[in-house]
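A.B. asks: following is a predicted model, sequence given first.
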Amino acid sequence: MPTVTQHQEAPDSLPKDALHQRIGLAQLSSRLVNAVWRGSDRVSAQHAVVPTGFAALDAQLPGGGWPCQSLTELLQPQASLCEWRLLAPSLKRLVSEGGHILMVGPPKRPHAPGLVQLGLPEKVLVWLAADTPSERLWTTEQLVKANPRGAILAWLPQVSPEQLRRLQVHAQACDCPVFVFRPELARRDASPAPLRVVASLGMDWELHVQILKRRGGQHEGTLVLPSIPSLLAQVLTPRLLRPSQLMVRKEASHVNALGRAADRRSHQQLVSL
């Protein structure tokens, strides 16, 4: 005879209203409260970090710096525009500890004298020429797998989300920071990189930085980071340190000049009448 299996429903021991109640943190024990993470909270870094050299930026990054064992995506309007000024303080720190700066496919030949002024001597720079997107991606993957000492800088403007995801998986076993540079238009695309930053140059020799993505809560607004090249800082006058104020004064004087010219024309018309 066939066996008949009876299906027994679990008793509804809780009232329906209780299923919709939201438990506040005040109702939990202190042990549970400490274990609860809310999406608006910024998490602390689970791995080592390298300080960026900018206090305002460190204060907004989990752990207080660029993450190791993770991928950092840096977006900018134009390649070779501001990546060196943004990363130089942290790269200088890594170089002082015996590391090398490994560059994959930079769009322009690195200017050695300028990098020396940033604290990056030529002997610590390793430029790996890779012409095609596939070569740049393959070279970057091999470097990440090798787990070198220092930092990996890769210019990958045409990388896909799937390829970035594979890089992120490999980067989790790499003890040095891995930076991927892409155009600013890529901010519209999804990315598996835990940290995404947009950087651009300001008028008064500063960097404007937006944190698009980080572990923890979102960051609103733009960070303005002072970043005057060392050689210029020695020769610029106080007025030239703030070009924006000079532009405002010039525009104001131009408007006044136009106003005076208009007043003169009106006066001449009245006299002629």
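C.D. replies: Received it, and whenever you're ready, just let me know what you need.

A.B. asks: tell me how many other residues crowd the nearest residue to H170 once chain neighbours are set aside.
C.D. replies: In space, not counting the residues next to it along the chain, H170 is nearest to V144; the distance is 4.5 Å by C-beta to C-beta, 6 or more residues apart in numbering. C-beta coordinates here come from the backbone N, C-alpha and C atoms, glycine included. The local packing count at V144 equals 24, with neighbours defined by other C-beta atoms under 10 Å.

A.B. asks: how about V144, what does it touch?
C.D. replies: I152, L167, H170, A171, C174, V178 (C-beta atoms under 8 Å, 6 or more residues apart in numbering).

A.B. asks: which one is the second one nearest to, not counting chain neighbours?
C.D. replies: Spelled out, that is L167. L71 (5.8 Å).

A.B. asks: which SSE is the nearest residue to G119 once chain neighbours are set aside in?
C.D. replies: Nearest in space to G119, with sequence neighbours left out and distances taken as C-beta to C-beta, 6+ apart, is K92 at 3.6 Å. Under the assignment given by DSSP states H and E, the secondary-structure element containing K92 is helix 83-96.

A.B. asks: excluding its own residues, what touches that helix? List them.
C.D. replies: Contacts of helix 83-96 with the rest of the structure, by C-beta under 8 Å, 6+ apart, involve 50-54, 65-66, 74, 76, 101, 114-115, 118-121, 124, 150-151, 153, 176-177, 179, 181, 199, 207, 209, 225, 227, 229.

A.B. asks: quick one: buried ones out of those residues?
C.D. replies: 50-54, 65-66, 74, 76, 101, 115, 118, 120, 124, 150-151, 153, 176-177, 179, 181, 199, 207, 209, 225, 227 (16 or more other C-beta atoms under 10 Å).

A.B. asks: narrow these to those in strands?
C.D. replies: 50, 66, 74, 76, 101, 150-151, 153, 179, 181, 199, 207, 209, 225 (DSSP state E).
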